[in-house]
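Chemist: prediction below, plus the sequence it came from.
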Amino acid sequence: MRVSVSELTKTFVSKYETVRALDKVSFTSSQGQILTLLGPSGCGKTTLLRCIAGLEFPETGEIQIGEQVVWSAARRISLPPESRGIGMVFQSYAIWPHMNVFENVAYPLRLRKVPRQELTRRVAETLRMVQLEGFKERPATKLSGGQQQRVALARALVAGPRVILFDEPLSNLDAKLRESTRLELRSFLKHLEISALYVTHDQVEALTISDEVAVMKDGVILERGTPEEIYFRADDPYVVSFVGRANFLDAELLSYQGQYASVSTPVGDLVCAAPPGLEAGTPVRMYARPESFQYVHPEQDPAENEITGTISTLLFAGEGYEVTVESGDTTILAKLGAEVDLREGDTVRIRVGRDWCRAVLPKGSS
Ligand code: ATP
């Protein structure tokens, strides 16, 4: 179900300081969507999730789940967590070590006083969904990290929630298991067509698991979009840097060519995507991801957006090379295909398509 948050503000006041954890945050997720809140530690992600769950109380704003208002400061509405139709999966899993798998999953149904037969049926059904049907009697402590994570997921699902909230659910798993579990989790959520809000500080996790990513900093959402939009077409320099490696060049806008702009950079004039309505001469920063560059064969005729430089370092990275190219005082990091034979010291031409580089306004200007 859709989750809609408007103008949510939450301040923590202690003897020593006042922290504005959420600063008028608004967003709406859509039905069946996995929307991820991504941001550095302390940016307010967990606070936002806890406000939606009913575990934290904002000072202003409104929260709606489906058509139901579950929190409104102005209208004095505050539904308790158990009436919000929410399932939650935490980083720590919060599964009970003294209970077996069945009892852990049954817990939310026992709280709701669901009759025994129905309870047994629903727990069995949910354990089947997460492929733990053979583990009913197993003490929760005798499970692997991945299995514990699935118990936590089953417990969040068993009462048929309208939306599931995930707070760093994979961070206790080792790197390899985290990778396979996130793929599993995504296909599982998509199969169930259940709406999910997902909190993580891990960019790769956010990009791989989500339908949309909202990047947060200091209690506000800076930018939101599909993983591709956030990775290749973000307009906020902080978002660009936070979600992955990027080559930034200080540049100046020369003129527009439709939705593109010609910019002058230390490595020559380039054509890139750009925000509309800027005057010629406006200082901008142009960025391109390392994988947005291509190697240009020496025989090829010169074309738009080429940079010539010398390879200063070359790292073989399996599927290709990570190459630093020095062009004047500028260093470009590019990922190039393994099919070309490159050496340190070689002079190379690399090219970036106009759709794969973007001018953004430097921080502080608007
Ligand atoms: P992390 O990834 O480290 O969990 P986060 O983005 O989830 O970070 P929050 O836990 O939401 O961030 O915290 C946002 C801000 O509010 C931080 O500055 C934090 O110190 C502060 N904060 C959170 N909970 C409390 C609290 N109960 N009392 C005082 N300050 C708090």
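Modeler: Arrived safely. Numbering: from 1, shown residues only.

Chemist: pick out the residue in the stretch 201-350 of the chain sitting closest to the ligand.
Modeler: residue 201 (4.9 Å; CB to the nearest ligand atom). C-betas here are computed from N, CA, C, even on glycine.

Chemist: would you agree that residue is in contact with residue 38?
Modeler: Yes. If you go by CB atoms under 8 Å, residue 201 and residue 38 touch, sitting 7.0 Å apart.

Chemist: between these two, which has more neighbouring residues?
Modeler: Residue environment comparison for residue 201 versus residue 38 gives the larger neighbour count to residue 38, 27 against 18, counting by other CB atoms under 10 Å.

Chemist: got phi/psi on that one?
Modeler: When read as degrees, to the nearest 10, the backbone of residue 38 gives phi -120, psi 140.

Chemist: helix, strand or coil for the residue nearest to it when sequence neighbours are not counted?
Modeler: If the residues on either side of it in the chain are set aside, residue 38 comes closest to residue 206, at 4.1 Å by CB to CB, 6 or more residues apart in numbering. Assigned by DSSP: H, G, I helix; E, B strand; the rest coil, the conformation of residue 206 is helix.

Chemist: contacting residues for residue 206?
Modeler: Applying CB atoms under 8 Å, 6 or more residues apart in numbering, one finds that residue 206 lies in contact with 36, 38, 198, 200, 213, 227, 243.

Chemist: with residue 6 instead?
Modeler: For residue 6, the contacting residues are 26, 61, 62, taking CB under 8 Å, 6+ apart as the criterion.

Chemist: next: residue 258.
Modeler: By CB under 8 Å, 6+ apart, the contact set of residue 258 is empty.

Chemist: the contacts of residue 6, buried ones only, as a PyMOL selection?
Modeler: In PyMOL, the members of the contacts of residue 6 classed as buried (16 or more other CB atoms under 10 Å) are selected with the following command:
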select buried, resi 61+62
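
Chemist: residue 207 contacts residue 242, correct?
Modeler: No. The criterion here is CB under 8 Å, and residue 207 misses it with residue 242 at 11.4 Å.

Chemist: which one's more surrounded, the two?
Modeler: Applying other CB under 10 Å to residue 207 and residue 242 shows that residue 242 carries more neighbours, namely 23 against 18.

Chemist: so the more buried one sits in a strand?
Modeler: No. Residue state for residue 242 (three-state DSSP) corresponds to helix; a strand is not indicated.

Chemist: how much space separates the residue nearest to it when sequence neighbours are not counted from residue 114?
Modeler: Taking CB to CB, 6+ apart as the measure, residue 242 lies nearest to residue 215, with 6.3 Å between them; neighbours along the chain are not counted. Counting by CB to CB, to the nearest Å, the gap from residue 215 to residue 114 is 40 Å.

Chemist: and those two? which has more neighbours close in?
Modeler: In this comparison of residue 215 against residue 114, neighbours counted by other CB under 10 Å, the higher total goes to residue 215 at 26 against 18.

Chemist: using CSV, list the CA coordinates for the helix or strand where the more buried one lies.
Modeler: Residue 215 belongs to strand 212-217 when elements are defined using DSSP states H and E. Coordinates of each C-alpha in strand 212-217 appear next as CSV, following Å, rounded to 0.1, in the frame of the first residue of the first chain:
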residue,chain,number,x,y,z
GLU,A,212,13.3,4.1,-6.2
VAL,A,213,15.9,5.6,-3.9
ALA,A,214,15.6,8.7,-1.8
VAL,A,215,18.9,10.1,-0.7
MET,A,216,18.8,11.8,2.7
LYS,A,217,21.2,14.2,4.5
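
Chemist: helix or strand right after that strand?
Modeler: The first helix or strand that comes after strand 212-217 along the chain, using DSSP H and E, is strand 220-225.

Chemist: so that following strand, near the ligand or not?
Modeler: No. Taking CB under 6 Å from any ligand atom as the criterion, strand 220-225 and the ligand are apart, separated by no less than 11.8 Å.

Chemist: alpha carbons of that strand, as PDB, please.
Modeler: Taking C-alpha atoms only, strand 220-225 is exported to PDB below (Å, rounded to 0.1, in the frame of the first residue of the first chain):
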ATOM      1  CA  VAL A 220      16.000  16.200   4.500                       C
ATOM      2  CA  ILE A 221      15.500  14.200   1.300                       C
ATOM      3  CA  LEU A 222      17.900  15.700  -1.200                       C
ATOM      4  CA  GLU A 223      16.900  13.800  -4.300                       C
ATOM      5  CA  ARG A 224      14.700  10.800  -5.300                       C
ATOM      6  CA  GLY A 225      14.600   8.700  -8.400                       C
END
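
Chemist: who does it touch, helix- and strand-wise?
Modeler: Under the contact criterion of 3 or more CB pairs under 8 Å, 6 or more residues apart in numbering; DSSP states H and E, strand 220-225 touches strand 18-28, strand 212-217, helix 237-243.

Chemist: what does the stretch 101-250 of the chain put close to the ligand?
Modeler: Applying CB under 6 Å from any ligand atom, we find that the stretch 101-250 of the chain lies next to the ligand at residue 201.

Chemist: what are the ranges of the strands in the stretch 101-250 of the chain?
Modeler: 163-167, 195-200, 212-217, 220-225, 247-257 (DSSP state E, counting those that start in this stretch).

Chemist: alright, that wraps it up for me.
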